[in-house]
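Enquirer: Pasting a predicted model and its sequence here:
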There are 2 protein chains.
Amino acid sequence: MDDLRLSLRLLRAYMVAVDCGSITGAAEVLNVAPSAVAAAIDRVEAEFGATLVVRARARGITATPAGRALAARIRPLIEDYSDVMQQGYALSQGLRGTLHIGYYAPIAPAFLPHILRNLTDNTSELNFSLQECDNITAQSGLLDGTLDVALFAGDELLAGVETRSLMDLPPYVLAPKGHALSARSELSLRDLHDTPLVLLDLPVAGAYVRRLLRAAEVTPHVVATCTSVEMVRSLVGAGAGVAVLNMRPRTQQSYGGDILRTLPLTDGDPLHLVTGRAAGTPRRLVQVFQDRLHDWFTGPEARELITL
Amino acid sequence: MDDLRLSLRLLRAYMVAVDCGSITGAAEVLNVAPSAVAAAIDRVEAEFGATLVVRARARGITATPAGRALAARIRPLIEDYSDVMQQGYALSQGLRGTLHIGYYAPIAPAFLPHILRNLTDNTSELNFSLQECDNITAQSGLLDGTLDVALFAGDELLAGVETRSLMDLPPYVLAPKGHALSARSELSLRDLHDTPLVLLDLPVAGAYVRRLLRAAEVTPHVVATCTSVEMVRSLVGAGAGVAVLNMRPRTQQSYGGDILRTLPLTDGDPLHLVTGRAAGTPRRLVQVFQDRLHDWFTGPEARELITL
DNA sequence: CAAATACATCTGCTTTTCTGAGGAAGAATA
DNA sequence: TATTCTTCCTCAGAAAAGCAGATGTATTTG
């Protein structure tokens, strides 16, 4: 790795001097003393071992053909530098770039697109990377920098992740239309005793439901475990059993075409949905997204995602 | 003109650190202490006001998406910088670029192409700018940097121009074939008395010829003054008169198709053909060209340009 | 639990860069 | 011709940037 023998400052001073045809003029443009500009020219010439500018005592300076050619190549360099700096500043101030979102919320398709569309309304230079992941990978993604922000269940927090509570998600029972349980006016976890259960067996949700049932002293009769919410829904729709879930999409129909019912439970601790990001100053885009997300979740539409 | 808030060194250190995924590793690559790299990252993050890398105590660092994007934009910047520096070094060391040549030697087409061809034999990235000019503009071109090197008559030198003698050019008489003067075995300037004269009236040559004739106490009978050698030759060929010149091309025929004779003179001070360049260290290309030129003028081919 | 790894922080040193004063050379002007 | 103006040059000292090395700490690894 060769050293940067001439700093950008030096090269820029040289370039401006060539453009101005004057050391004094360049010094004014650059807000430095003329001697600094003269020194810069000396350094550049010494480094390259050639006469790049001709100095005339009272008439300023003139670049040689080679000197002009060099200055011409420095200009785009400075401009590129400015572009990079611009992008750097835009990181914290502007709404542009790619927002990397991780979510452990299988029904995120029900609401994330709305929020993202609001975000992208004004600006165009905005991209999103949406990554479905479990609770653990979401958080480690935040920590190792592959994710800007994540939605996940607020249990089992890792150090270094700053979270904000989004919403409490009470559990509900998902049952096929016409299921015996839907006849009840009130439903408790105890009522699930001996009922065939389809379990969403993802890192946090699985343990959560098991804990819920254990707390209610219900021995689950698990007929199927799935790693996909839609598989759970379709199994339930097909009559394989019922499921305990927390969020629901905006459709009552499963992929299998069956009609599903969401039955509120009178007991059971809610799951905490949170947004998280790595500790430290986030760029503005991340903050804005997070704010919009929280705004949306305080609104009426968010209510439709849960079953009370 | 905004200041260059972050130096290239800083940006490069940041970039290398992101690439390495390690401050220590980057420090080794850059041959600096880890603390310097850490400080660089701090500076960049502080400047942009955003978290760009996630630091894990014993596992190195990982860039956030934004940090990676920024690093990716720094890389071409560094490469462009290297390119510029390469060109800079090539100025003094390599035979590339554009060589700006000015010449006050109207028959330069007779020899310059040979020399330039030799120069361009090995390398291909070589361009030439050939500018016909008079003695004064040639030298001021050197001084103001528009010319790298010039050929001109060594009289009336300007300060700041370093010259090397190329060749002494004795005057000769150009006459049409069959002219009365060609019958003589020896020809002196005095023999031109009353002979119609075509004068090349260029800044130095005109004065030179007039001085020559005055010194020989010959009153010139100027029938035409021209600013182009070929016009002089064609006028002479057409029988308008004779001319006193110093260099001759490698053809005896004028544009008008007439045959011309060059008759040596026994008297008359020669004109000094010199090469000149601005004082200071020239780039190697200029030196090489100048050397080749002088080499060529010590060879036998140069003799054909003068008439003894 | 100990060793190894790698980041964090701090202090003082070195190099780079800048300033400001004084001077000199060429150009413009009276 | 003498004077003034502009502009560049030089140099010493000061400010800033960059760096090394020591020390401390969190985390991983054996």
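Expert: Good, I have the coordinates.
Enquirer: show me the contacts for the closest residue to DNA strand C within the stretch 151-300 of chain A.
Expert: Using C-beta to the nearest atom of the strand, the single residue of the stretch 151-300 of chain A nearest to DNA strand C is A:Gly280, 10.1 Å away. Where you see a C-beta, it was placed from the backbone N, CA and C, and this is true even at glycine. Counting by C-beta atoms under 8 Å, 6 or more residues apart in numbering or on different chains, A:Gly280 touches B:Thr51, B:Val54.
Enquirer: And for the one 3 residues further on?
Expert: Shown here is A:Arg283, whose contacts under the criterion C-beta under 8 Å, 6+ apart are A:Leu91, A:Ser92, A:Gly97, A:Asp148, B:Ala50, B:Thr51, B:Ala66.
Enquirer: Name the next helix or strand following the helix or strand hosting the first one along the chain.
Expert: What that stands for is A:Leu91. Secondary structure from DSSP states H and E places A:Leu91 in helix A:65-93. Once the chain leaves helix A:65-93, the next helix or strand it forms, by DSSP H and E, is strand A:97-103.
Enquirer: Pull the distance from that following strand to the chain's centre.
Expert: Averaging C-alpha positions (C-alpha atoms, centre = their mean, to the nearest Å) puts strand A:97-103 3 Å from its chain's average.
Enquirer: Check which helices and strands it is in contact with.
Expert: helix A:65-93, helix A:112-120, strand A:126-132, helix A:135-144, strand A:149-153, helix A:284-298, helix B:65-93 (3 or more C-beta pairs under 8 Å, 6 or more residues apart in numbering or on different chains; DSSP states H and E).
Enquirer: Give the other helices and strands that the third one contacts.
Expert: Identification of packing neighbours for strand A:126-132 by 3+ C-beta pairs under 8 Å, 6+ apart yields strand A:97-103, helix A:112-120.
Enquirer: do that again at 10 Å, thanks
Expert: Contact here means 3 or more C-beta pairs under 10 Å, 6 or more residues apart in numbering or on different chains; DSSP states H and E; on that basis strand A:126-132 packs against strand A:97-103, helix A:112-120, helix A:135-144, helix A:284-298.
Enquirer: cool, and the second one?
Expert: Contact here means 3+ C-beta pairs under 10 Å, 6+ apart; on that basis helix A:112-120 packs against strand A:97-103, strand A:126-132, helix A:284-298.
Enquirer: List the buried residues in the second one.
Expert: Read that as strand A:126-132. A:Leu126 (16 or more other C-beta atoms under 10 Å in any protein chain shown).
Enquirer: That one pairs with which strands, parallel or anti?
Expert: strand A:97-103 (parallel) (DSSP bridges).
Enquirer: could you check the angle helix B:65-93 makes with the partner strand?
Expert: In terms of direction (axes from the mean of the first three to the mean of the last three C-alpha atoms, to 10 degrees), strand A:97-103 departs from helix B:65-93 by 140 degrees.
Enquirer: Next, the angle from strand A:97-103 to helix A:112-120.
Expert: Here strand A:97-103 runs at 160 degrees with respect to helix A:112-120, directions being taken by the same axes, to 10 degrees.
Enquirer: Does A:Ala243 fall in a helix, a strand, or a coil region?
Expert: Assigned state for A:Ala243: strand (three-state reduction, DSSP: H, G, I helix; E, B strand; the rest coil).
Enquirer: Settle this for me: it is touching A:Leu181, isn't it.
Expert: No: using C-beta atoms under 10 Å, A:Ala243 is not in contact with A:Leu181, being 11.5 Å away.
Enquirer: residues bridging contact with those two, i.e. touching both?
Expert: Common neighbours of A:Ala243 and A:Leu181, using C-beta atoms under 10 Å, 6 or more residues apart in numbering or on different chains, are A:Val173, A:Ala175, A:Leu192.
Enquirer: Could you identify the buried members of the residues you listed?
Expert: With neighbours counted using 16+ other C-beta under 10 Å, the shared contacts of A:Ala243 and A:Leu181 contain these buried positions: A:Val173, A:Ala175, A:Leu192.
Enquirer: Nearest to A:Trp296 among those residues?
Expert: A:Val173 (26.0 Å; C-beta to C-beta).
Enquirer: ok, which residues in chain A are in contact with DNA strand D?
Expert: Residues of chain A that fall close to DNA strand D, judged by C-beta under 7 Å from any atom of the strand: A:22-25, A:34-35, A:38-39, A:41-42, A:55-61, A:159.
Enquirer: Just those residues: which are in strands?
Expert: Counted as lying in strands by DSSP state E, out of the residues of chain A next to DNA strand D, are A:Arg55, A:Ala56, A:Gly60, A:Ile61.
Enquirer: In PyMOL, how would I select the buried members of those residues?
Expert: What follows is the PyMOL syntax for the buried subset of these, where burial is set by 16+ other C-beta under 10 Å:
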select buried, chain A and resi 60+61
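Enquirer: May I see the ones in strands among the residues of chain A next to DNA strand D arranged in CSV, with distance to B:Asp134 and pLDDT as well?
Expert: Output for these, formatted as CSV (distance: C-beta to C-beta, whole Å; pLDDT from 0 to 100):
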residue, distance to B:Asp134, pLDDT
A:Arg55, 25, 88
A:Ala56, 21, 85
A:Gly60, 24, 87
A:Ile61, 25, 91
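Enquirer: The contacts of A:Arg283, buried ones only, as a ChimeraX selection?
Expert: Entered in ChimeraX, the line below selects the buried ones among the contacts of A:Arg283, by 16+ other C-beta under 10 Å:
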select /A:91,92,97,148 /B:50,51,66
